[in-house]
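*Asks:* sequence-free structure coming up:
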Ligand SMILES: Nc1ncnc2c1ncn2[C@@H]1O[C@H](COP(=O)(O)OP(=O)(O)OP(=O)(O)O)[C@@H](O)[C@H]1O
Ligand SMILES: [Mg+2]
């Protein structure tokens, strides 16, 4: 929006909302990368820190909701302003869930010290984390710039994450069938990979909110879920 | 004859707009204040006219019931129809037209008469009542519909000008609906009212649209959003954008509309 509001403080309040969302998004991005770091290095101290830092994300969510509610009540926003505020209320919910998933990853570290992941799985987790971390970075950028192209690109990238998750799921099943002693590590691994994949889904939801802010309508294609792990289980069941 | 005119009368009743404006231009002396206005006003809906002060909302509203005829310097060209008939046709009886199109002004303007007479006057003038009992019934019904009855039923013989501003406005609304018009034009009817009186009038507008076509000028975007089905945005004498209220306020198409409704131009 090129023009400023006649009431200058309204501009400040909207800018503050963006600033808080950027801060919350940055926290989520760091939390995911540190959660995965704590995992692959079996770093109990870092994992404990991640669990604590998730509280900061929850606090930011409350602050943003309060700020957005205030804007609704005091400014009676219209058009793009209204869409921004409505979208902010929805996307903080996504960010908060993303924080929870990152925390869940770190919560497994204590157990994994006893039953470490297979080395191939380390690489997979890191790879997924890199993809999803990039999605988070880009979707925050798309939000702050109101950049619809970048938002759509994030939505498209999620497909890659889903496909990777499905192939990892398939691979994991073969490890478990090869040697039942792998089952414990593999089960943990699947939960972790699923958590990262869910974070990608939420990043996609945020991208759809960016689309809504800019275009004034919902993203039409909708979210196609390419997580086909349910089919993998069925296929395997038929093979067995 | 166009395809539209051939369709059956029942369909015409539901589908055609109550009022149409085409190429409407208005000047005061040689100062043109409205440029080529094109607008359809759907029947039994509320249409809001919004826009910055001086953009021509009142002028447009006054074109519809030919109130501008009363201003010597005012010249109206173009075409306005009510139920398909040209409002500016020389054969039109302006008194009859104004009976069909009632108006409520920004500043309440009750007659310096009793509350009862304020409402009864138009009914008698237009010969709508056969006897006193029927007249009483109509007066009560109008005051009830305007949400004023309970406050004035025990003082009907006192002067209308002795009411509070909000009560006076509701009295003017009662007066307007008493003559059973088809259309009610309201020019900022709530600008002098407190939030409760405003809410009452908004509730009334909501009820009235079952029977009447309503056009309301308002400076409150929130009011336009609350009460209207369609909104037209005027700017510097142009009709910039019109459409369903919900879409105009959530994703306007024109930059000027966006700027105005988000508080970026006044
Ligand atoms: N009787 C008149 N004689 C000359 N010019 C007039 C007259 N009435 C209105 N105008 C001019 O016509 C333009 C449109 O006025 P109008 O009253 O229709 O605006 P409006 O949109 O209703 O404004 P507001 O929101 O302030 O009521 C203004 O420039 C005004 O100065
Ligand atoms: Mg006016």
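*Replies:* Yes, it's here. Nothing here was measured: the structure is a model prediction, and the numbers come from that model. Ligands and ions are numbered 1, 2, ... in the order given.

*Asks:* what's the helix or strand for residue B:72?
*Replies:* For residue B:72, there is no host helix or strand (DSSP states H and E).

*Asks:* contacting residues around it?
*Replies:* Listed by Cβ atoms under 8 Å, 6 or more residues apart in numbering or on different chains, residue B:72 has no contact partners. The way it works is simple: take the backbone N, C-alpha and C, and place the C-beta from them, glycine included.

*Asks:* all strands of the chain, in order?
*Replies:* Reading this off chain A. Along chain A, no stretch is classed among the strands by DSSP state E.

*Asks:* nope, chain B please
*Replies:* Using DSSP E, the strands found in chain B span residues B:19-28, B:31-41, B:46-50, B:74-82, B:85-86, B:101-104, B:183-187, B:213-217, B:230-235, B:238-244.

*Asks:* Kindly state the pLDDT recorded for the residue of chain A found nearest ligand 1?
*Replies:* Closest approach between chain A and ligand 1, counting by Cβ to the nearest ligand atom: residue A:6, at 16.3 Å. We have a pLDDT of 89 for residue A:6.

*Asks:* That one and residue B:260 touch, don't they?
*Replies:* No - at 10.3 Å, residue A:6 does not count as touching residue B:260 under the criterion of Cβ atoms under 8 Å.

*Asks:* Looking at the two, which is more packed in?
*Replies:* More crowded of residue A:6 and residue B:260, by other Cβ atoms under 10 Å in any protein chain shown: residue B:260, with 25 against 13.

*Asks:* List the residues that contact that one.
*Replies:* Residue B:260 sits next to B:50-52, B:233, B:235, B:266 when contact means Cβ under 8 Å, 6+ apart.

*Asks:* what do you get for residue B:107?
*Replies:* residue B:192.

*Asks:* List phi and psi for the nearest residue to residue A:7 once chain neighbours are set aside.
*Replies:* Once flanking residues are discounted, residue A:7 sits nearest to residue B:263: 6.2 Å by Cβ to Cβ, 6 or more residues apart in numbering or on different chains. Backbone dihedrals for residue B:263, given as degrees, to the nearest 10, come out at phi 80, psi 30.

*Asks:* if I look at residue B:263, how far off is ligand 1?
*Replies:* 16 Å (Cβ to the nearest ligand atom, to the nearest Å).

*Asks:* isn't that residue right next to residue A:9, touching?
*Replies:* No - the criterion here is Cβ under 8 Å, and residue B:263 misses it with residue A:9 at 11.4 Å.

*Asks:* Pick out whichever of those two has more residues nearby.
*Replies:* Neighbour count, other Cβ under 10 Å: between residue B:263 and residue A:9, residue B:263 has more, with 21 against 10.

*Asks:* Relative to residue B:61, how far out is the residue of the stretch 51-200 of chain B found nearest chain A?
*Replies:* Closest residue of the stretch 51-200 of chain B to chain A, Cβ to the nearest Cβ: residue B:52 (11.2 Å). Residue B:52 is 16 Å from residue B:61, where distance means Cβ to Cβ, to the nearest Å.

*Asks:* who has more neighbours, these two?
*Replies:* residue B:61 (22 against 16).

*Asks:* Can you go through the contacts of residue B:260 and name the buried ones?
*Replies:* Buried members of these, counted by 16 or more other Cβ atoms under 10 Å in any protein chain shown: B:50-52, B:233, B:235.

*Asks:* Put together CSV for those residues, with distance to ligand 1 and pLDDT on each row.
*Replies:* Listed next are the buried ones among the contacts of residue B:260 as CSV, based on distance: Cβ to the nearest ligand atom, whole Å; pLDDT from 0 to 100:
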residue, distance to ligand 1, pLDDT
B:50, 9, 97
B:51, 6, 96
B:52, 7, 95
B:233, 11, 98
B:235, 10, 97
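
*Asks:* wait, doesn't residue B:147 sit right on residue B:205?
*Replies:* No - counting by Cβ under 8 Å, residue B:147 does not reach residue B:205; the two are 10.9 Å apart.

*Asks:* Mind listing the residues bridging to the residue nearest in space to the middle of chain B?
*Replies:* Note on chain B: the residue nearest the mean C-alpha position is residue B:185, at 1.0 Å, using Cα atoms, centre = their mean. Beta-bridge pairing for residue B:185 (DSSP bridges): residue B:103, residue B:215.

*Asks:* any idea how far the closest residue to residue B:45 other than its chain neighbours is from residue B:69?
*Replies:* Nearest non-adjacent residue to residue B:45, counting by Cβ to Cβ, 6+ apart: residue B:229, 4.2 Å away. If you measure residue B:229 against residue B:69 using Cβ to Cβ, the figure is 29 Å.

*Asks:* roughly how far apart are the closest residue to residue A:136 other than its chain neighbours and residue B:253?
*Replies:* In space, and not counting its chain neighbours, residue A:136 is closest to residue A:29: 4.7 Å by Cβ to Cβ, 6+ apart. The gap separating residue A:29 from residue B:253 is 36 Å, by Cβ to Cβ.

*Asks:* Who has more neighbours out of these two?
*Replies:* residue A:29 (23 against 12).

*Asks:* wait, what's in contact with the more buried one?
*Replies:* Residues in contact with residue A:29 (Cβ under 8 Å, 6+ apart) are A:133, A:136-137, A:140.

*Asks:* show me what contacts the spatially closest residue to residue B:219 that is not a sequence neighbour?
*Replies:* Spatial nearest neighbour of residue B:219, chain neighbours left out: residue B:188 (6.3 Å); criterion: Cβ to Cβ, 6+ apart. Applying Cβ under 8 Å, 6+ apart, we find residue B:188 in contact with B:106, B:217-219.

*Asks:* Among those, which one is most surrounded by other residues?
*Replies:* residue B:218 (23 neighbours).

*Asks:* in terms of contact, does that residue touch residue B:190 like I think?
*Replies:* Yes - under the criterion of Cβ under 8 Å, residue B:218 makes contact with residue B:190 at 7.3 Å.

*Asks:* follow-up on the earlier one: in the contacts of residue B:260, which two residues are the furthest apart from each other?
*Replies:* B:233 and B:266 (13.4 Å; Cβ to Cβ).

*Asks:* Do a quick rundown of the helices in the stretch 101-250 of chain B.
*Replies:* B:115-125, B:132-145, B:149-152, B:165-178, B:195-208, B:221-227, B:245-250 (DSSP state H, counting those that start in this stretch).

*Asks:* With chain A in mind, check whether the fifth one reaches it.
*Replies:* By that I understand helix B:195-208. No - judged by Cβ under 8 Å from any Cβ of the partner chain, helix B:195-208 stays clear of chain A, getting no closer than 13.6 Å.

*Asks:* Poorly predicted segments of the chain, please.
*Replies:* Going with chain A. A:1-2, A:222-226, A:233-240 (pLDDT under 70).

*Asks:* Switch to chain B, please.
*Replies:* Checking chain B against pLDDT under 70 turns up B:1-14, B:266.

*Asks:* Up against chain A, what does it have?
*Replies:* B:221-222, B:225, B:249-252, B:257-259, B:261-266.

*Asks:* picking up where we left off before, give me the buried entries from the contacts of residue A:29.
*Replies:* Members of those classed as buried by 16+ other Cβ under 10 Å are A:133, A:136, A:140.

*Asks:* Distance check, the residue nearest the centre of chain A against chain B.
*Replies:* Centroid-nearest residue in chain A: residue A:199, 2.9 Å away (criterion: Cα atoms, centre = their mean). Distance, residue A:199 to chain B, using Cβ to the nearest Cβ, to the nearest Å: 30 Å.

*Asks:* My guess is that residue contacts residue A:136. True?
*Replies:* Yes - the criterion here is Cβ under 8 Å, and residue A:199 meets it with residue A:136 at 7.4 Å.

*Asks:* Next, show the common contact partners of these two.
*Replies:* Common neighbours of residue A:199 and residue A:136 (Cβ under 8 Å, 6+ apart) are A:32, A:98.
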